[in-house]
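> need a structure here:
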Amino acid sequence: MHCTSSLDNLVDDIVIRIFQTLSVREILTLRQTSKRYYFLSRFRSVWYAAFCTEVLARHLPPPGPSCSLRTLNSADLEHRTLLALSLEKRWSRSTPNVIASSKQRETVDQILFIPGGTQILTVHGNKVMYWLISGQTGATYKLQKVEEWLSPSDDACIVVKDTEGQGIIAIGCRDQPNKHATIFSLASKPALSKLCDYSLVPGTIAGISRHLLFLDTTSEQDGGGLELLDWHAQTEGTALLPCIPDLFGSFLGFVHFSDHILVSWETCISVFPVPEIPAQGRMVVAHTKIFIFSEPISSPVAFTTCVPRGWIGIDAPAYPPSQEMPSLTIVARPKSKLGRIAMSMLIPLSNDDGAKHSSNFPYQLLRLPPFVPNVPGDTDRNIGGQECTQICMGSSGRGLCVFGREVRLCEPSLLYIPPREMQFGPAFEPGKAIYEIEPGGDSVSGDRVDFDEGMGRLVVAKGSGGFDVVQLL
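Numbering: from 1, shown residues only. You can find the predicted model right below:
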């Protein structure tokens with residue numbers, strides 16, 4: 001009481017500055033003591049300070065689409081701050097709540113959440129639909145179909161997204177190699193703005209990251225590999241990250257990590273420098289390093305550093321990184337045991353090891369204990385016969401996996417790696433699944449679920465057609 005009485009004697013500008021130094025809990029407590037404090041606690045400068053110090057500086061996944069911080073009003077900053085703190089506290093114990101459903105009942109072949117948690121893409125054969133979610137907490141959410149795109153051929157489409165970019169996607173043919181590919185932006189107007197169009201690309205689309213389009217050419221007679229195009233420069237040259245078929249097995253996925261491109265195959269991870277793409281012709285990129293897995297893996301595969309990417313914007317405050325040299329966890333389904341998840345981690349070499357083994361990529365690969373649903377600690381049996389069909393991981397270590405029709409969450413956790421290492425890695429929830437996918441239609445396969453780690457939202461394709469948007473609370 002004495003504290004609030006003292007504050008009562010201060011002018012509004014001083015009280016607002018005091019609010020800017022308080023924690024979110026203290027702001028919410030103090031605003032309940034009087035109408036004046038409630039009014040002053042709603043100033044934008046108060047929640048700008050709270051968002052920066054309690055979300056960005058602590059490296060929590062920021063909710064919502066990245067934009068200029070200047071464009072966010074007080075209510076938006078408060079909503080994003082409270083949501084980030086709530087998800088940090090309750091992620092593994094979240095309760096799912098369906099906040100929107102599509103009225104169209106077309107079968108969904110693939111569904112994607114664009115980073116930011118308000119934009120959705122669905123694939124229906126050779127057709128791609130673009131959706132927007134609008135609304136705030138406490139209000140009714142609306143799901144609006146904004147745009148529709150038809151492939152120039154009758155071949156089924158596949159969509160890949162750049163998780164680091166501002167709404168950049170690529171669309172190509174799912175199963176037919178040497179077909180067309182188109183790059184779009186969802187951040188520009190009109191919706192689905194075309195940035196680059198290829199009438200023919202080698203192989204099939206495998207992904208898009210930064211200025212590079214990744215193409216799987218392992219079906220070629222010479223073994224092929226992962227072919228890279230510079231879509232931003234729109235040059236005709238390519239760079240090949242080669243595959244050794246008898247040694248590597250099938251291509252599974254890739255990731256940018258520690259200024260390198262890491263490619264996951266069934267038996268190993270191959271490390272390549274990021275190449276300069278030639279204007280003409282094809283260059284072959286030499287391996288920097290190859291790490292062999294302790295057991296072969298298969299699709300699905302996902303990667304996480306357990307370090308959120310943070311806010312993307314020209315006016316984003318700069319904060320020191322949470323880890324100087326982060327680790328990378330590879331999460332995948334073992335090839336021989338489909339009912340569990342295998343995990344391996346690339347961790348930095350210690351100073352002594354790094355001195356002994358000089359390398360441009362000073363990491364070592366360690367095997368982590370696998371995850372078996374419903375049976376904590378049991379790594380020898382394939383219980384229940386439920387096949388892992390999908391794994392989605394965010395950069396922060398938050399993620400999900402699908403066994404049969406059950407969706408389970410994971411979150412970052414501090415892991416002890418003998419003999420002396422402590423590293424952040426994903427820990428899957430062994431208990432009850434948080435969501436069960438509606439049966440019906442074709443059997444549930446990969447690409448039918450996606451999530452946004454900042455907003456705490458899932459999109460789930462339903463067996464009867466259409467999809468649900470699920471908020472974790």
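> and residue 261, helix, strand or coil?
Judged by DSSP: H, G, I helix; E, B strand; the rest coil, the three-state class of residue 261 is strand.
> wait, I meant residue 300
Assignment for residue 300 (three-state DSSP): strand.
> Need the pLDDT of the nearest residue to it once chain neighbours are set aside.
Spatial nearest neighbour of residue 300, chain neighbours left out: residue 391 (4.5 Å); criterion: C-beta to C-beta, 6 or more residues apart in numbering. C-beta here means a position set from N, CA and C on the backbone, and glycine is covered the same way. Residue 391 carries a pLDDT value of 96.
> Same question for residue 290.
96.
> residues touching it, list them.
Applying C-beta atoms under 8 Å, 6 or more residues apart in numbering to residue 290 gives the contacts 268, 269, 270, 271.
> The second one: neighbour count?
With neighbours defined by other C-beta atoms under 10 Å, the count for residue 269 comes to 27.
> Over to residue 16: give its phi and psi.
Here is the backbone geometry of residue 16 (degrees, to the nearest 10): phi -60, psi -40.
> Quick check: it touching residue 46?
Yes: with contact defined as C-beta atoms under 8 Å, residue 16 counts as touching residue 46 (6.4 Å).
> So which of the two has more stuff around it?
Ranked by neighbour count (other C-beta under 10 Å), residue 16 and residue 46 place residue 46 first, with 24 against 17.
> Model confidence for the more buried one, exactly?
For residue 46, pLDDT reads 98.
> Residue 123 - nearest residue in space that isn't next to it in sequence?
Distances taken as C-beta to C-beta, 6+ apart place residue 110 nearest to residue 123, at 3.9 Å, with adjacent residues excluded.
> pretty sure the one you found contacts residue 122?
Yes: Residue 110 is within contact range of residue 122, at 7.2 Å (criterion: C-beta under 8 Å).
> what about residue 318, neighbour count?
Counted with other C-beta under 10 Å, residues neighbouring residue 318 total 6.
> Nearest spatial neighbour of residue 234, chain-adjacent residues omitted?
For residue 234, the spatially nearest residue (C-beta to C-beta, 6+ apart) is residue 196, at 5.7 Å.
> more neighbours, residue 110 and residue 122?
Taking other C-beta under 10 Å, residue 110 and residue 122 do not tie; residue 122 has more neighbours (24 against 21).
> partner residues bridging the more buried one?
residue 111, residue 129 (DSSP bridges).
> Show me where the stretch 1-150 of the chain dips below the pLDDT cut-off.
Applying pLDDT under 70 to the stretch 1-150 of the chain flags residues 1-5, 136-139.
> just the strands in it please.
Using DSSP state E, counting those that start in this stretch, the strands of the stretch 1-150 of the chain run over residues 96-101, 110-114, 119-124, 127-134, 142-150.
> now for these, which one comes closest to residue 319?
strand 110-114 (24.9 Å; C-beta to C-beta).
> Name the residues that touch that closest one?
Contacts of strand 110-114 (C-beta under 8 Å, 6+ apart): 119-123, 157-159, 161, 167, 169, 186, 447-452, 457-461, 467.
> Kindly state the neighbouring-residue count (a burial measure) for residue 422.
8.
> Take the helix or strand harbouring it, keep the C-alpha atoms, and write them as PDB.
For residue 422, the element it lies in under DSSP states H and E is strand 421-428. Below are the C-alpha coordinates for strand 421-428, written out as PDB (Å, rounded to 0.1, in the frame of the first residue of the first chain):
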ATOM      1  CA  GLU A 421      28.400 -32.500 -22.000                       C
ATOM      2  CA  MET A 422      25.200 -30.700 -21.300                       C
ATOM      3  CA  GLN A 423      23.300 -29.700 -24.400                       C
ATOM      4  CA  PHE A 424      19.800 -28.600 -25.200                       C
ATOM      5  CA  GLY A 425      17.800 -31.100 -27.300                       C
ATOM      6  CA  PRO A 426      14.200 -32.100 -27.900                       C
ATOM      7  CA  ALA A 427      12.300 -34.100 -25.300                       C
ATOM      8  CA  PHE A 428       9.100 -35.900 -26.500                       C
END
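> After it, which helix or strand is next? Please name it.
Counting by DSSP H and E, the next helix or strand C-terminal to strand 421-428 is strand 435-436.
> That next one - what's its average pLDDT?
90.
> so what does that strand touch, helix or strand wise?
Counting contacts by 3 or more C-beta pairs under 8 Å, 6 or more residues apart in numbering; DSSP states H and E, strand 435-436 is packed against strand 406-417.
> by contact count, what packs against the strand it packs on?
For strand 406-417, the packing partners by 3+ C-beta pairs under 8 Å, 6+ apart are strand 363-371, strand 399-403, strand 421-428, strand 435-436.
> Strand partners (parallel or antiparallel) of it?
Paired neighbours of strand 406-417 in the sheet (DSSP bridges): strand 399-403 (antiparallel), strand 421-428 (antiparallel), strand 435-436 (antiparallel).
> Run through the helices of the stretch 101-250 of the chain in chain order.
Counting by DSSP state H, counting those that start in this stretch, the stretch 101-250 of the chain has helices at residues 245-248.
> Ok, the stretch 251-400 of the chain next?
Under DSSP H, counting those that start in this stretch, the stretch 251-400 of the chain gives helices at 351-356.
> what about it, any weak spots by pLDDT?
In the stretch 251-400 of the chain, residues with pLDDT under 70: 322-323, 351-358, 374-385.
> cutoff 50 now
Within the stretch 251-400 of the chain, the ranges that satisfy pLDDT under 50 run 355, 375-383.
> Strands along that one, start to end?
Counting by DSSP E, counting those that start in this stretch, the strands of the stretch 251-400 of the chain are 251-257, 260-265, 268-273, 282-284, 289-292, 297-304, 328-334, 341-348, 363-371, 388-393, 399-403.
> Burial-wise, tell me which of the strands paired with strand 406-417 comes out on top.
strand 399-403 (a mean of 25; mean count of other C-beta atoms under 10 Å).
> what comes into contact with that one?
302, 304, 331, 339, 341, 371, 373, 384, 386-393, 407-411, 426, 428, 433, 437, 444, 448-449, 451, 453, 458.
> Now the most centrally placed residue in the chain, what are its backbone angles?
The residue lying closest to the centre of the chain (C-alpha atoms, centre = their mean) is residue 394, at 3.5 Å. Note on residue 394: its backbone torsions stand at phi -90, psi 170 [degrees, to the nearest 10].
> what's the spacing between the closest residue to it other than its chain neighbours and residue 129?
Leaving aside its sequence neighbours, residue 394 sits nearest to residue 453 (C-beta to C-beta, 6+ apart; 3.3 Å). Noted for residue 453: a distance of 23 Å to residue 129, by C-beta to C-beta, to the nearest Å.
> Comparing these two, which shows the higher neighbour count?
Higher neighbour count among residue 453 and residue 129: residue 453, with 28 against 20, using other C-beta under 10 Å.
> so that one makes contact with residue 61?
Yes: using C-beta under 8 Å, residue 453 is in contact with residue 61, at 4.6 Å.
> just to revisit the earlier point, quick check: neighbours shared by residue 16 and residue 46?
With C-beta under 8 Å, 6+ apart, residue 16 and residue 46 have common neighbours residue 40.
> Centre of the chain to stretch 146-161, how far?
Relative to the centre of its chain, stretch 146-161 is centred 22 Å away, using C-alpha atoms, centre = their mean, to the nearest Å.
> Kind regards, and thank you for your time.
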